[in-house]
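> This is the structure alone, sequence omitted:
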């Protein structure tokens, strides 16, 4: 039986036309990271499962991880997220590395998902983290980087917002105001996570399954209705939680005067599922009615290095997936035209005895840094313009028996229709005609 | 117990200093591919094992592959090589794609190897392939691309050579001259593969274990001694194999007049283990006595699409691993100094009330395309020069209370020691001072 030509379920084949889009996304991600002096890193494709057991959320391990036992009896997994890896790597070098540590990466990750819009089994995720920064300033820098990343793609705050909350604040409400135990806290976090996705009566039921006291229910519902930082801080003051939320307040006060604040929006339902967040948490949210989804998410963590027996080193980071980002850019028509490869020149020859000259000319032009598609084999003159157009070339070089005798190449600018015969020995003139 | 801080066996952590080297390798690979108008593609991390069973060598499947059964009962493998994937992808689109198809990729691959110098379990491999090119010209182009790739790294033919052979030629010697059956042919291919790695008497024994006829042994040994194309073609003529080797001869005759020929060297021991090669096969070989190893290898294949029930589409391609390439470049001292990240500016402030101004200036400079490391938190003047030097910055920007009052930033060129106070509102002047 013939083998399937399809990729493995939930994975993608990137043909050149899709790959140009991916490269465009990655280039803008790298540009944003470099503009904040973040340095690239990468880790291995496989990690021992223990690493994820120690730090990732339960759902990830039991339902979504690709794990298996290797030939040396190690229980390993294809990385489903990058944070445990970066924590392991930072744990290995943080003592001798000057702070803050600013790193980014664009790994491919695998999760056993049911494929659907915005969710695939394999995706690439831009990750940026800062470790050991002064309080609040690391948070502000990471949020500014998220903001810059979105703006690099041509997006503005009419298209996206950064929804933000703080786990310390939520924890203090749960513990001091609602008097929840650990188990209830865990469950209520899951409810908050779903608050915007379910209907009011379903939400009510979920809440009353966990909290029974009617005052507490009212207090919690009041929390869920908070609209902005002002409302949050009044609520906290009113409920005597000002002291517990001091850190988030001072963050907001610092951020207020900085450019990134324009993109920030308080949202009580943002808590981020993963267990390791301890401070600020945030999501980049698409404002378009057709695509109301998170494009990126992240937060601050105080204790990532603990599992390696290292002293705490606070950090903050975020991840942005290529699938959701692409959906966002398509929804807002922000993707440029990438339908053709951009080469400098299509070089053609009309008789076989021009072949040697054409190969040598191509070699020399490539040495000068030009991208040259050499048409392999003699081609008829009447076919070359159609060929060049179908491939999106701007310049066409032609060598026939006349040109061979004269030692020239005929070069055409296909946009302006300008043309010139240039001596093959004057290689710099050819370069100049094409590159200007 | 604390978790291990080491990466999974045979895999690497790429800290920024290693990552800069990897990025340098990848950038030069991409540059070489683009200069020949090859387009980037990528496939999924996982493929069904059947794909490798159909096309890869036996050793790869039984001993080296990372395979497991997924939650949907599919038998899948982490890709150990890229050729089966590219064959699958080409099979999917070749009918509606204009020829030749020129593609490249730099995937991460996993093989269950015993880690040693030049061999790791995870490595990245540059792959380039051309499908459906006119006979011999595809071969010449791919070899020229290999050559260009090496030269892009500053290598010359005193450092490397491209060792080349042809499977059709070897097959015809085995079949018509030595009268070997399929099983003997398979075994003798393995012997050839090892011919340069074992001692003469060990080689003798391996040969006589397969061939018993003394004339055939002598003929085979004579083959192994062939030094160049001339000797090969005399040997073939003498043994009445001229007709069977016509295709390789016409390839050599075409190549002879072209720039790439200088790098080519005939080698009877090059056969490439993988089962899918049918024509020209080659390896890039390091000439340095400390590192006599293959840096890249590839060949031509006529029947890769057969397993998908598609008509034959001849192709030729090669792979070059990042580990062996890096060893080569280090051996020949061809790696540039990548000890520091290259950012445009380190921006520091001396008092907390300069913070807002510094954050805003950093934001504006980033908008102009500059890479700015903002030092988070007030820093003492006497510390900034040391900090800038330790990080390899060329420019330093400073804001203290005096600068704040004057609305300027003090910018220093750390190489020339030139300095200027520039109005913060004259953002373009700052850019000009730094970027020239």
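That came through, no problem. Fair warning: this is a prediction, and the values are worked out from it, not measured in the lab.

> Residue A:266: neighbouring residues, count only.
Counted by other C-beta atoms under 10 Å in any protein chain shown, the residues lying close to residue A:266 total 19. Backbone N, C-alpha and C define where each C-beta goes, glycine included.

> Ok, residue A:193 next?
Counted with other C-beta under 10 Å, the neighbours of residue A:193 add up to 14.

> what does the host helix or strand of it rub up against?
If you go by DSSP states H and E, residue A:193 is part of helix A:182-194. For helix A:182-194, contacts defined as C-beta atoms under 8 Å, 6 or more residues apart in numbering or on different chains pick out A:170-171, A:174-175, A:178, A:180, A:203, A:206-207, A:209-211, A:220, A:224, A:268-269, A:271, A:273.

> Could you rerun that using 6 Å?
With contact meaning C-beta atoms under 6 Å, 6 or more residues apart in numbering or on different chains, helix A:182-194 is reached by A:174, A:206, A:210, A:269, A:271, A:273.

> mean confidence for stretch A:261-271?
The average pLDDT for stretch A:261-271 rounds to 96.

> which residues touch that stretch?
A:147, A:157, A:161-165, A:170, A:189, A:192-193, A:195-196, A:223-224, A:226, A:228-229, A:232, A:255, A:281, A:283.

> Pull the distance from that stretch to the chain's centre.
19 Å (C-alpha atoms, centre = their mean, to the nearest Å).

> first vs last residue of that stretch, how far apart are they?
With C-alpha to C-alpha, to the nearest Å as the measure, stretch A:261-271 spans 19 Å from end to end.

> Excluding sequence neighbours, find me the nearest residue to residue A:290.
residue A:331 (5.9 Å; C-beta to C-beta, 6 or more residues apart in numbering or on different chains).

> just to revisit the earlier point, drop the exposed ones from the contacts of helix A:182-194 and show what's left.
Neighbour counting by 16 or more other C-beta atoms under 10 Å in any protein chain shown classes A:174, A:206, A:210, A:269, A:271, A:273 among these as buried.

> what residue ranges in the stretch 1-150 of chain A score low on pLDDT?
Low-confidence segments of the stretch 1-150 of chain A (pLDDT under 70): A:1, A:56-58.

> Give me the next element, helix or strand, following the helix holding residue A:193.
That would be, after helix A:182-194 and using DSSP H and E, helix A:200-210.

> tell me the angle of that next one relative to helix A:182-194?
170 degrees (axes from the mean of the first three to the mean of the last three C-alpha atoms, to 10 degrees).

> one step back: just the buried subset of the contacts of stretch A:261-271, please.
A:147, A:161-165, A:170, A:189, A:192, A:195, A:223, A:226, A:229, A:232, A:255, A:281, A:283.

> Which ones among the residues you listed lie within strands?
A:161, A:162, A:163, A:164, A:165, A:281, A:283 (DSSP state E).

> State the distance from the second one to residue A:266.
Going back to what we said before, that points to residue A:162. 10 Å (C-beta to C-beta, to the nearest Å).

> Please apply the same query to the last one.
When distance is defined by C-beta to C-beta, residue A:283 is 12 Å away from residue A:266.

> sorry, back to before: list just the nearest of the contacts of helix A:182-194 to chain B.
residue A:273 (20.8 Å; C-beta to the nearest C-beta).

> quick one: secondary structure of that closest one?
coil (DSSP: H, G, I helix; E, B strand; the rest coil).
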